[in-house]
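[1] would you be able to build a 3D model of this:
(one chain, ligands or ions: 2)
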Amino acid sequence: MRITAVLLAAGQGTRMKSALPKVLHPVAGKPMLWHALEAIKRSTSEKPVVVVGHGADEVTKYLADSAQTVLQEPQLGTGHAVLQAESLLKNKTDLVVVCYSDMPLLRGETLQKLVDTQKKNSGPISLLTVIAEHPRGFGRIIRKTDGTVSAIVEEYVATAEQLQVKELNVGGYCFDANWLWDALQRIPKNPKKGEYYLTDTVELASKDGLSVQAMVMDDLEETIGINTRVHLSECDAAMRRRINQQHMLNGVTLIDPASSYIEIDVTIGMDTVIMPNTYLYGKTQIGQGNLIGPNSIIRDSKIGNRCKVLSSVMEGAVLEDDVDMGPFARLRKGAHLGNHVHMGNFGEVKDSYLADGVKMGHFSYIGNAQIGANTNIGAGTITCNYDGEKKHATEIGEDVFIGSDTMLVAPLKIGNGARTGAGAVVTKNVAEDTLVVGMPARAIRKLERKAKK
Ligand code: UD1
Ligand code: MG
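    Numbering: from 1, shown residues only. Ligands and ions are numbered 1, 2, ... in the order given. A predicted model of the protein is given here:
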């Protein structure tokens, strides 16, 4: 059976008061529209159709080839919006799943159940409803005395009696396609707003004596739709709770879930502990047994196992295993710290590789550098990598001891086992096992390297 989703995303979202189209506002790091597309994936077999209107260019650009788009111009209501998809879908699908793209918490499982309900329905519509004390402006589900659904009445036209109805229209539908296209043509224009309401298809079906199935949802949270930034923050918090809960069930300890901000694509291994006020963004991957936070921000980075990241910032960086970092360290793009590296407070590393066992205790800047195993970077060391026009590389060998406050003026190579005196300004390459001192530093004697322990 061919099942296609039509996502409605043409509305203006006026109440968001934003230059960004509503459906592109992020929830847990991904646009609302992404969440809607994820949810429909499982229950449909064909490429979805997104109805665009306000902000059409931006929305279409975002969608790229993940969906087909159809323009609704002008926007004459939800029924009119679905009708725009007819030219793409007529005779090409058996069922049409319609969702609004501002409900990022709606689960794929729920839509799957809705589709299953419609497959068993002799009539043309199955829809999602919820019983709630607070109606949030939702349409009311009207049932006949025998319990069958006969209409959906929008709040602003409902009678006092209808307003008392606690069963609400969530905004998720599954239609028999052939019936739908014809019914959309029959929807009357709403006299007050001049729009064509998708919800009026329910009354049409009921009047034709056809069965409308209501699937009552029990998770109220799933039905939160976003109209304002207040709703946006509610949804974001709910989505975060959902993500955090999944990590905890997978064996991650979150000391304070409410202050752990973990975006949806982040992966975390077992026995890692996330301390409060930690932000894990983008495509970050974290291994097992790490201690992350408190107060850390990590974006698009990879962390091995048994590392400690205390009050630090990482962006596009890699830690291998047993790295100890912070407090107040910053790894920028292309920073790669090998096994057992120690990086203490107020250090910054960018586009550099620190091999296994490097120690960089305090106040250093390392950029465009390769540092060999077990080298010690003294406090206040700086790779002077930028001459005002270009970046230059620094290569430091293994077992090197860079004295405190050394300025390494790149391009520069320092051989294995070399040493710089405190305050050295190194402008020329340093040979292996050589001690350099002064400004600019010059060789003063040959060294004997200690045997490795
Ligand atoms: C709609 C339902 C209401 C339901 C509620 C749940 C109708 C008539 N009413 O009301 O019963 O309880 O959602 O949230 O459907 N859109 C278009 N083109 C248009 C108009 C809207 O694409 O011409 C899109 C919007 O971008 C939005 C969705 O359709 O994603 C719903 O529109 P909205 O105006 O938010 O409808 P509600 O008044 O919330
Ligand atoms: Mg709405």
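
[2] who's in contact with the nearest residue to Asn121 once chain neighbours are set aside?
    Nearest residue to Asn121 in three dimensions, chain neighbours excluded: Gln213, at 4.7 Å (Cβ to Cβ, 6 or more residues apart in numbering). For every residue, glycine as well, the C-beta is placed using N, CA and C. Contact partners of Gln213, counting by Cβ atoms under 8 Å, 6 or more residues apart in numbering, are 117-118, 121, 123, 125-127, 149.

[3] rerun that using 7 Å as the cut-off
    Neighbour list for Gln213: 117-118, 121, 126 [criterion: Cβ atoms under 7 Å, 6 or more residues apart in numbering].

[4] measure it to ligand 1 for me?
    Distance of Gln213 to ligand 1, computed by Cβ to the nearest ligand atom, to the nearest Å: 17 Å.

[5] pull the most distant pair out of the contacts of Gln213.
    Thr117 and Asn121 (6.3 Å; Cβ to Cβ).

[6] picking that back up, so which of the contacts of Gln213 wins on neighbours?
    For the contacts of Gln213, the largest number of neighbours (other Cβ atoms under 10 Å) sits with Ser126, at 27 neighbours.

[7] tabulate the CA atom coordinates of stretch 14-28 in CSV.
    Extracted C-alpha coordinates of stretch 14-28, given in CSV (Å, rounded to 0.1, in the frame of the first residue of the first chain):
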residue,chain,number,x,y,z
THR,A,14,2.8,35.5,13.1
ARG,A,15,2.9,35.0,16.8
MET,A,16,6.5,33.8,16.8
LYS,A,17,7.5,37.4,15.9
SER,A,18,10.5,36.3,13.9
ALA,A,19,12.3,36.8,10.7
LEU,A,20,12.9,33.0,10.5
PRO,A,21,9.9,30.9,9.2
LYS,A,22,8.3,29.2,12.2
VAL,A,23,9.0,25.7,11.1
LEU,A,24,12.7,26.4,11.0
HIS,A,25,13.0,27.3,14.6
PRO,A,26,15.0,24.7,16.4
VAL,A,27,13.9,22.3,19.1
ALA,A,28,16.7,20.4,20.7
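
[8] that stretch near ligand 1 anywhere?
    No: using Cβ under 6 Å from any ligand atom, stretch 14-28 stays clear of ligand 1, coming no nearer than 6.9 Å.

[9] and that stretch, what's buried?
    By 16 or more other Cβ atoms under 10 Å, the buried positions in stretch 14-28 come out as 16, 21-28.

[10] what does stretch 410-429 give?
    By neighbour count with 16+ other Cβ under 10 Å, stretch 410-429 contains the buried residues 410, 412-421, 423-426.

[11] out of those, who's near ligand 1?
    Applying Cβ under 6 Å from any ligand atom to those, none is adjacent to ligand 1.

[12] show me which pair in those is furthest apart.
    Among the buried residues of stretch 410-429, Asn416 and Gly423 lie farthest apart (Cβ to Cβ), at 22.6 Å.

[13] related to what we said a few turns ago, farthest pair in the buried residues of stretch 14-28?
    Farthest pair in those (Cβ to Cβ) is Pro21 and Ala28. Separation: 18.3 Å.

[14] using neighbour counts, pick out the buried residues of the lengthiest strand in the chain.
    Longest strand in the chain, counting residues (DSSP state E): strand 167-176. Neighbour counts over strand 167-176 (16+ other Cβ under 10 Å) mark 167-176 as buried.

[15] do stretch 108-124 as well
    Going by neighbour count (16+ other Cβ under 10 Å), the buried part of stretch 108-124 is 110-115, 117-118, 121, 123-124.

[16] show me the contact partners of it.
    Contacts for stretch 108-124 (Cβ under 7 Å, 6+ apart): 3, 38-43, 95, 97, 126, 128, 172, 174-176, 179-180, 205, 210-213, 215, 217, 222.

[17] report the buried members of the residues you listed.
    3, 39-40, 43, 95, 97, 126, 128, 172, 174-176, 179-180, 205, 210, 212-213, 215, 217, 222.

[18] narrow those to those in helices?
    39-40, 179-180, 205 (DSSP state H).

[19] okay, and the nearest residue to Glu221 once chain neighbours are set aside sits in which element?
    Nearest non-adjacent residue to Glu221, counting by Cβ to Cβ, 6+ apart: Ala238, 5.2 Å away. Per DSSP states H and E, Ala238 falls inside helix 229-249.

[20] paired strands for the next helix or strand after that helix, with orientation please.
    Downstream of helix 229-249, the first helix or strand assigned by DSSP H and E is strand 253-254. In the sheet, strand 253-254 lines up against strand 273-274 (parallel) (DSSP bridges).

[21] and the partner strand, how far out from the chain middle?
    On the basis of Cα atoms, centre = their mean, to the nearest Å, strand 273-274 sits 19 Å off its chain's mean C-alpha point.

[22] what's in contact with that strand?
    With Cβ under 7 Å, 6+ apart, strand 273-274 has contacts from 252-255, 260, 291-293.

[23] before we move on, the earlier item: next step: the contacts of Gln213 restricted to strands.
    Among those, the members falling in strands (DSSP E) are Ser126.

[24] got the contacts of Gln213 as TSV, with pLDDT columns?
    Output for these, formatted as TSV (pLDDT from 0 to 100):
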residue	pLDDT
Thr117	98
Gln118	98
Asn121	97
Ser126	98
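
[25] separation between whichever residue of the stretch 101-250 of the chain sits closest to ligand 1 and Leu337?
    Ligand 1 sits closest to Gly139 of the stretch 101-250 of the chain, with a gap of 2.5 Å, by Cβ to the nearest ligand atom. Noted for Gly139: a distance of 56 Å to Leu337, by Cβ to Cβ, to the nearest Å.

[26] neighbour-wise, which of those two wins?
    Leu337 (30 against 26).

[27] and that one, what does it touch?
    Counting by Cβ under 7 Å, 6+ apart, Leu337 touches 319-320, 323, 343, 354.

[28] same thing but 10 Å
    303-304, 307, 314, 317-320, 323-325, 329, 331, 343, 349, 352-356, 358, 360, 371 (Cβ atoms under 10 Å, 6 or more residues apart in numbering).

[29] kind regards, and thank you for your time.
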